[in-house]
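[1] what would the 3D arrangement of this be:
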Amino acid sequence: MALCQLSALDRLKTFIRLSNVEQHVMAANRACIGLAVSLLFLAVFSASGDEVHEAAELPQGVKACADWMAKRTSADGAKVRLIGDSTLCADMPTLSDDAVNDFVEKISLLQEDAHPDVVIRSAGGRVDLGMTMGEAIQRRRASVYAFGFCGSSCANYVFLPASRRVILKDTLLVFHGGLYRSILDSRDLTEEGKERTVASLSRQGQLLRRAGVDPEFFEWIEQLNQDREGTSARCPGTQSVRSIVFSSRELAAHGATVDHDYGPQTRTELDVLTKKYGIDGETCYWQ
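    Numbers count the residues shown, from 1 in each chain. Below is the predicted model of the structure:
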């Protein structure tokens with residue numbers, strides 16, 4: 001499973017901010033990923049206007065967030081909105097410094113005894129920003145509701161760290177990898193890059209452990225990345241596996257229990273949803 005057929009080092013540099021020189025060298029590869037993610041988010045933005053919540057199950061603030069997000073367009077950009085006393089709507093095409101800082105500020109100002117609900121829609125972004133959101137979520141013991149699309153750093157570092165996890169109707173929770181130890185063996189990684197990678201690996205591990213998630217989860221996904229033949233065998237009908245939607249049962253096997261999953265439950269349901277969003281043929285449903 002490879003995104004734009006990048007090498008291990010290339011993929012790492014899409015996650016971590018390294019030196020300006022390294023960023024310049026990697027610009028073309030990051031643009032490949034960035035374009036794919038941006039197009040995907042635009043597709044999800046335009047397709048997620050239908051009724052998306054199960055009224056009998058969800059808190060009123062979460063329903064209000066979902067309805068608000070469903071009316072937004074891609075032109076509206078990133079926005080963090082507080083509804084009531086303890087519901088945060090985080091609508092972020094990609095995780096940006098400004099949007100994440102706004103989120104952290106708003107969640108930190110909630111009443112000390114509040115355990116907020118966070119509704120998130122995002123195609124991901126820098127791993128450090130995702131971890132910053134995840135740490136804020138853990139400090140407040142927040143529940144996270146994935147709406148429409150939550151992929152990459154959103155799935156890795158915002159959804160997984162939550163004390164309670166819910167996937168809303170017609171929502172894709174998409175994984176394609178995280179940080180993994182073998183990248184440290186690369187001869188092309190600078191000392192600065194290696195130090196930052198070690199620190200980020202430690203931070204990732206702490207985030208997952210606090211959430212009760214297997215800290216080896218992304219090592220396992222990297223094994224799937226390397227075993228393309230085996231991964232393809234588990235994903236019949238997928239033309240080119242670029243990302244995976246894991247079943248709730250598979251996530252629970254790694255310690256990431258999903259309290260309610262209203263997302264796709266079968267390969268057929270996933271196909272309907274990816275066709276609706278214009279991303280069919282690239283996403284595997286892993287039971």
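
[2] where along the stretch 151-287 of the chain do the strands fall?
    Secondary structure of the stretch 151-287 of the chain (DSSP state E, counting those that start in this stretch): strands at 164-167, 172-174, 243-246, 260-261, 283-286.

[3] could you dump the ones you listed to TSV with mean neighbour count?
    Where C-beta positions appear, they are placed from N, C-alpha and C, glycine not excepted. Below are the strands of the stretch 151-287 of the chain laid out as TSV (neighbours: other CB atoms under 10 Å):
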stretch	mean neighbour count
strand 164-167	22
strand 172-174	25
strand 243-246	22
strand 260-261	17
strand 283-286	23
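
[4] save those as TSV, and put in mean pLDDT and distance to C154 too.
    Putting those into TSV (pLDDT from 0 to 100; distance: least, CB to CB, whole Å) gives the following:
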stretch	mean pLDDT	distance to C154
strand 164-167	98	12
strand 172-174	96	8
strand 243-246	93	12
strand 260-261	96	16
strand 283-286	91	15
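
[5] distance to E112 for those - can I get that in CSV?
    Formatted as CSV, these follow (distance: least, CB to CB, whole Å):
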stretch, distance to E112
strand 164-167, 19
strand 172-174, 30
strand 243-246, 34
strand 260-261, 27
strand 283-286, 39
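
[6] to K275, which of those strands lies closest?
    K275 lies closest to strand 283-286 among the strands of the stretch 151-287 of the chain, at 10.6 Å (CB to CB).

[7] direction included, what does that closest one pair up with?
    Using DSSP bridges, strand 283-286 pairs in its sheet with strand 243-246 (parallel).

[8] contacts for the strand it pairs with?
    1, 3, 151, 172-176, 221, 224, 235, 263-264, 270, 282-286 (CB atoms under 8 Å, 6 or more residues apart in numbering).

[9] among the strands of the stretch 151-287 of the chain, which comes closest to E229?
    When the strands of the stretch 151-287 of the chain are ranked by proximity to E229 (CB to CB), strand 283-286 comes first, at 13.6 Å.

[10] pull the residues that contact that closest one.
    1, 172, 174, 231, 234-235, 238, 241-247, 250, 264, 266-267, 270, 274.

[11] and stretch 157-164, end to end?
    14 Å (CA to CA, to the nearest Å).

[12] residues in contact with the residue of the chain positioned farthest from its centre?
    Distance from the C-alpha centroid of the chain peaks at R187, with 28.9 Å (CA atoms, centre = their mean). Residues near R187 by CB under 8 Å, 6+ apart: none.
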